[in-house]
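Q: Compute the structure for the input listed below.
(chains A and B)
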Amino acid sequence: DAMVIQNPRYQVTQFGKPVTLSCSQTLNHNVMYWYQQKSSQAPKLLFHYYDKDFNNEADTPDNFQSRRPNTSFCFLDIRSPGLGDAAMYLCATSLEGHTEAFFGQGTRLTVV
Amino acid sequence: GQQLNQSPQSMFIQEGEDVSMNCTSSSIFNTWLWYKQDPGEGPVLLIALYKAGELTSNGRLTAQFGITRKDSFLNISASIPSDVGIYFCAGQGIQGAQKLVFGQGTRLTINP
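A: Residues are numbered from 1 along each chain as shown, chains lettered A, B, ... in the order given. This next block holds a predicted model:
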């Protein structure tokens, strides 16, 4: 059974139209991450949460925001998607004090 | 920031051959992880290493945490078609932040 679930698997959005990607987990992990992965590249960390504490990476554009209403759910909001934001977006979780991160299946975002 | 250099970037082998890939860094890491990513999917954790010198196996996979804490290798023995994919090393640095640094990935292609 999938423990980190991302919805949808594929998302097409229009240039400039806000879009939200969702992630849920059944692991009860207190740390959740959002990564952006472009073709043939390593995942790039956008931000992560320790419980409700939000930690933004210095080079994450303001266009990317996140919400974590409770332990199980985390959302990635892209306020005005550009063509360069087309990528695979990966959600991951881990337990505080443990390094292993468990990834969801990803959401492939296409911007038209 | 800390960086990981992963090599080779790609490998083309015959089914049944053994595979070896490695990651190196100029700085020390506390933990090394190895992930496999299939096309269109999220990375899946293969092996986690926590101590310098540690050698860990998972079926046909063997990984080691280098003595200097600046490198790690992954070996796959007797490769089979389902081993095809991209393999990423990832490390947690000594700063203690619960974030992973990823290598650039090794793309493995197997000729039957």
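Q: Give the bridge partners for the most centrally placed residue in chain A, please.
A: When chain A is reduced to its mean C-alpha position, the closest residue under C-alpha atoms, centre = their mean turns out to be residue A:34, at 3.1 Å. For residue A:34, the beta-bridge partners under DSSP bridges are residue A:47, residue A:91.
Q: What ranges does chain B have for its strands?
A: For chain B, the strands defined by DSSP state E occupy B:5-7, B:10-14, B:19-24, B:29-37, B:44-49, B:55-58, B:61-65, B:71-76, B:85-93, B:101-102, B:106-111.
Q: still on that earlier bit, do I have it right that the residue nearest to the centre of chain A meets residue A:77?
A: No - Residue A:34 is not in contact with residue A:77 according to C-beta atoms under 8 Å; the separation is 10.3 Å. Yep, even glycine has a C-beta here, placed from its N, CA and C like the rest.
Q: so what's in contact with those two at the same time?
A: Residues touching both residue A:34 and residue A:77 by C-beta atoms under 8 Å, 6 or more residues apart in numbering or on different chains: A:64, A:66.
Q: Output the below-cut-off pLDDT ranges for the chain.
A: You didn't say which chain, so I picked chain A. A:1 (pLDDT under 70).
Q: was after chain B, sorry
A: B:1, B:94-97.
Q: so who does residue 22 touch?
A: If you meant another chain, say so; for now it's chain A. Counted by C-beta under 8 Å, 6+ apart, residue A:22 has contacts A:6, A:7, A:73, A:74, A:75, A:76.
Q: hmm, I had chain B in mind actually
A: B:6, B:7, B:71, B:72, B:73, B:74, B:89.
Q: Turn those residues into a markdown table, columns for distance to chain A and neighbour count.
A: Listed next are those as a markdown table, based on distance: C-beta to the nearest C-beta, whole Å; neighbours: other C-beta atoms under 10 Å in any protein chain shown:
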| residue | distance to chain A | neighbour count |
| --- | --- | --- |
| B:6 | 8 | 22 |
| B:7 | 14 | 13 |
| B:71 | 17 | 19 |
| B:72 | 13 | 28 |
| B:73 | 18 | 18 |
| B:74 | 15 | 25 |
| B:89 | 10 | 32 |
